[in-house]
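Asker: pasting the structure only:
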């Protein structure tokens, strides 16, 4: 593996990325990203605010949980309430009252996973809304236009995310199309306040990942994302693809692993040199009653918590753990009370934020390997919860 | 009407009720109630925390919305998680992390409105749980026992709430039963930290209301509730029954109108000398997208709010109005986002709290009639919202 000697600010147009410290024994690095809406350190986790709201929590609660940047979904906001309405109302930051950095995806992933009756051409994708069946078209220019209207700090190139498993030839053609679209996204960028990331595809094929990555790096994006992972492949395959692809990307740009994942997945990827993450896992699991703790996962509906006076995690300092018992949280969850989803979400977001903060601190102090070893050991002990 | 010259503290066992000021031209009075969990001024509105949670909001948000006392439902908590569990966990205050005063109802109303296959005898009511069909029995002694375990500051006598319309003879027998049960509730009270209120029934029949009230007053409760209203009768009938029944109750005890109602209902009843109110209206309407404003009700899903940058109510200082536009709240509601229910609830609770605070201030300053006139005029102007 290569460990570039780079350190110090790089001004990449609208987004500044600085590497503060690099580990000596793995690819992990502590970085800082500056955006028009504030700075944050990396590795960072971005909670998902699909429809302009991180489900069940307010902007203040996000900040209190240690969240520095959120992700919003272009596909959802394009369909409802519509990007033009959000633009007229001052952009997504103002609409949802979140003053920190926002990243929007391109809509590509949802077009493939949610929309119906898709037809793909070089121009883009025609699809039917999952809400009302109405017909829409999104191509690279349209995706850039919608993301410009939303006004996120970081926007993503429009890509095709292939399913898994997929034929080599299909993935090859898809990479070619994604590269073509990436070029057109760059060419159609009008908003100089926004940073644009390219998305590396290529399925689980090393040579296609390399082809995709090299083409994007030649185009010089503000950052690079690894797309098309956590789509059904096993953990070993995912780790291999992340590590291999990471080698094709420059060290002086942020690297973002899209849609991944479990705390363990994230720890692995940080070691492999990934800087940014997003996933619905902390928020969705919270609503399903699965809570993350320093000793593994806890299923709050379990009868053993019926009269358990302890907080979810005695080592946690989140609002939920400071104020409510497992017994109360179990009761709220069994009774389907709204407050259950919210208190669980606050805890899980805090858990993810703290995990990232602890990893950043470990990198800073050159002890990440030890930290990760302890993390894996603690996760295994969860049966005792 | 009688206007007692009373003023100053009365120590009624566990609850102190003091009249601070009385209006000269109506029965309204400004009072103060002291409980083991704190004091509050009356007239007061109590939001409903059915299952040990005022739906969608935290204890902190209740306080921020001006809430001083909440109501919880004995029937629901008895069935789930069970009063014994709550008792073991330190009582309802600690269970739900609400440090202020709590009033619990007796379970009677829900036994009639929610449970199945009821059979009533002098001993009490046998019924089937609406959750799992299991058979249970609640009588006055059992209702007191459950409420003792929950540990509310104010508990209610077990009563029969008759439907409307109802035959005179049925209501007559029901009043006799409720009076019998009231006596047994008093006799079975063991917890000296709890205040016990009797519930006046009698349907819409003046003489039966009088019979019910006089019997309860003879028993000397810590306060008196008006039950069996808002059960289908028209507003005039309700006002008549409230005013007539109020005359049969002493001025030196708090009077509580159960389950009522709209802001207009509450304004009317304050003028008639009622001190305490509870209703699911602010919280349930919030979840249905109906928001209270100084100029009447606003239905947030209305298309006219699609790009309305204004807060729900420009005169409101609640968290929701300070941070979010009608357009965003409409979007959240249409997208069924959890945050919609919560932000709407915060606003409606703040509206009710402010209405009560304004009435208290108006009583203090001998201008309640003028305030109420302005209230009715403002409500009529709502079409312009």
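Answerer: That came through fine. This structure is a prediction, so every number in the text was calculated from the model and none was measured. Residues are numbered from 1 along each chain as shown, chains lettered A, B, ... in the order given.
Asker: Next one: residue A:141 relative to chain B, how far apart?
Answerer: Taking Cβ to the nearest Cβ, to the nearest Å as the measure, residue A:141 falls 25 Å from chain B. Backbone N, C-alpha and C define where each C-beta goes, glycine included.
Asker: Confirm for me that that residue is in contact with residue A:181.
Answerer: No: the criterion here is Cβ atoms under 8 Å, and residue A:141 misses it with residue A:181 at 9.3 Å.
Asker: Between these two, tell me which one has more neighbours.
Answerer: With neighbours defined as other Cβ atoms under 10 Å in any protein chain shown, residue A:141 and residue A:181 compare such that residue A:181 has more, 25 against 16.
Asker: shouldn't that one be in contact with residue A:140?
Answerer: Yes: using Cβ under 8 Å, residue A:181 makes contact with residue A:140 at a distance of 4.2 Å.
Asker: and for the two, which residues touch both?
Answerer: Counting by Cβ atoms under 8 Å, 6 or more residues apart in numbering or on different chains, the contacts common to residue A:181 and residue A:140 are A:124, A:157-158.
Asker: Which of these fall within strands?
Answerer: Under the assignment DSSP state E, those contribute nothing to strands.
Asker: can you list those in CSV and add distance to residue B:95?
Answerer: Formatted as CSV, those follow (distance: Cβ to Cβ, whole Å):
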residue, distance to residue B:95
A:124, 54
A:157, 51
A:158, 50
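Asker: Would you mind putting the residues you listed into a markdown table with pLDDT and neighbour count alongside?
Answerer: Below are those laid out as a markdown table (pLDDT from 0 to 100; neighbours: other Cβ atoms under 10 Å in any protein chain shown):
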| residue | pLDDT | neighbour count |
| --- | --- | --- |
| A:124 | 95 | 21 |
| A:157 | 98 | 30 |
| A:158 | 97 | 29 |
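Asker: just these now: which is nearest chain B?
Answerer: Distance to chain B across the shared contacts of residue A:181 and residue A:140 (Cβ to the nearest Cβ) is lowest for residue A:158, with 23.2 Å.
Asker: show me what contacts that closest one?
Answerer: Per Cβ under 8 Å, 6+ apart, neighbours of residue A:158: A:106-108, A:124, A:138-140, A:142-144, A:181-182, A:185.
Asker: with those in mind, which one is nearest to chain B?
Answerer: residue A:107 (16.3 Å).
Asker: In which helix or strand does residue A:118 reside?
Answerer: Applying DSSP states H and E as the criterion places residue A:118 in strand A:116-120.
Asker: how about that strand: buried residues?
Answerer: Within strand A:116-120, no residue is scored as buried using 16 or more other Cβ atoms under 10 Å in any protein chain shown.
Asker: can you give me the helices for the stretch 251-385 of chain A?
Answerer: Counting by DSSP state H, counting those that start in this stretch, the stretch 251-385 of chain A has helices at residues A:263-271, A:281-287, A:319-323, A:326-334, A:338-364, A:368-380.
Asker: Let's have those helices in CSV, adding distance to residue A:70 and mean neighbour count.
Answerer: What follows is those, written out as CSV (distance: least, Cβ to Cβ, whole Å; neighbours: other Cβ atoms under 10 Å in any protein chain shown):
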stretch, distance to residue A:70, mean neighbour count
helix A:263-271, 16, 22
helix A:281-287, 11, 22
helix A:319-323, 18, 18
helix A:326-334, 24, 24
helix A:338-364, 10, 23
helix A:368-380, 24, 15
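Asker: Let me have these in TSV, adding mean pLDDT and distance to residue B:71 as columns.
Answerer: Listed next are these as TSV, based on pLDDT from 0 to 100; distance: least, Cβ to Cβ, whole Å:
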stretch	mean pLDDT	distance to residue B:71
helix A:263-271	96	41
helix A:281-287	98	27
helix A:319-323	98	21
helix A:326-334	98	18
helix A:338-364	98	16
helix A:368-380	93	43
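Asker: Those residues of the stretch 51-200 of chain A touching chain B, which are they?
Answerer: Proximity of the stretch 51-200 of chain A to chain B (Cβ under 8 Å from any Cβ of the partner chain) is limited to residues A:51-53, A:55-59, A:76, A:80-81, A:85, A:88-89, A:95-97.
Asker: how about a cut-off of 6 Å?
Answerer: Within reach of chain B by Cβ under 6 Å from any Cβ of the partner chain, the stretch 51-200 of chain A has these residues: A:51, A:53, A:55-56, A:81, A:85, A:88-89, A:95, A:97.
Asker: closest to residue B:21 among these?
Answerer: Using Cβ to Cβ, residue A:97 comes nearest to residue B:21 of these, at 40.7 Å.
Asker: Now do the helix or strand hosting residue A:149, average pLDDT.
Answerer: If you go by DSSP H and E, residue A:149 is part of helix A:140-150. The average pLDDT within helix A:140-150 is 97.
Asker: outside of that helix, which residues touch it?
Answerer: Outside of helix A:140-150, the residues within contact range by Cβ atoms under 6 Å, 6 or more residues apart in numbering or on different chains are A:74, A:78, A:83, A:86-87, A:92, A:104, A:106-107, A:155, A:158, A:181, A:184-185, A:188, A:191.
Asker: distance of the spatially most central residue of chain A from chain B?
Answerer: By Cα atoms, centre = their mean, chain A has its centre lying nearest to residue A:278, at 1.5 Å. Using Cβ to the nearest Cβ, residue A:278 is found at 18 Å from chain B.
Asker: Kindly report the same for residue A:99.
Answerer: Distance, residue A:99 to chain B, by Cβ to the nearest Cβ: 11 Å.
Asker: Determine whether the claim that residue A:136 is in a strand is correct.
Answerer: Yes: counting by DSSP: H, G, I helix; E, B strand; the rest coil, one finds residue A:136 located in a strand.
Asker: Considering only the stretch 151-300 of chain A, name the residue that lies closest to chain B.
Answerer: Nearest to chain B in the stretch 151-300 of chain A, going by Cβ to the nearest Cβ, is residue A:287, at a distance of 8.3 Å.
Asker: what sits against that residue?
Answerer: Listed by Cβ under 6 Å, 6+ apart, the contact set of residue A:287 reads residue A:341.
Asker: again, but for the one 10 residues further on
Answerer: Shown in contact with residue A:297 (Cβ under 6 Å, 6+ apart): residue A:290.
Asker: List the beta-bridge partners for it.
Answerer: Residue A:297 forms beta bridges with residue A:292, as assigned by DSSP bridges.
Asker: Need the pLDDT of it.
Answerer: Reading off the model, residue A:297 has pLDDT 94.
Asker: do you know how far it is from residue A:315?
Answerer: Distance of residue A:297 to residue A:315, given as Cβ to Cβ, to the nearest Å: 15 Å.
Asker: Residue A:56 too?
Answerer: Residue A:56 is 23 Å from residue A:315, by Cβ to Cβ.
Asker: the more surrounded of these two?
Answerer: residue A:56 (24 against 12).
Asker: host element of that one?
Answerer: Residue A:56 belongs to no helix or strand, assigned by DSSP H and E.
Asker: quick one: contacts for it?
Answerer: Neighbour list for residue A:56: A:341-342, A:345, B:338 [criterion: Cβ under 6 Å, 6+ apart].
Asker: Then residue A:332?
Answerer: Taking Cβ under 6 Å, 6+ apart as the test, what residue A:332 contacts is A:339-340, B:53.
Asker: Now distance to residue A:132 too, for these, in TSV please.
Answerer: Below are these laid out as TSV (distance: Cβ to Cβ, whole Å):
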residue	distance to residue A:132
A:339	32
A:340	31
B:53	34
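Asker: and of the residues you listed, the nearest to residue B:254?
Answerer: After measuring these against residue B:254 - Cβ to Cβ - the closest member comes out as residue B:53, at 25.4 Å.
Asker: The closest one falls within a strand, correct?
Answerer: No: according to three-state DSSP, residue B:53 belongs to no strand; its state is coil.
Asker: Please report phi then psi for it.
Answerer: Backbone torsions of residue B:53, given as degrees, to the nearest 10, read phi -160, psi 120.
Asker: Right, I'll call it a day here.
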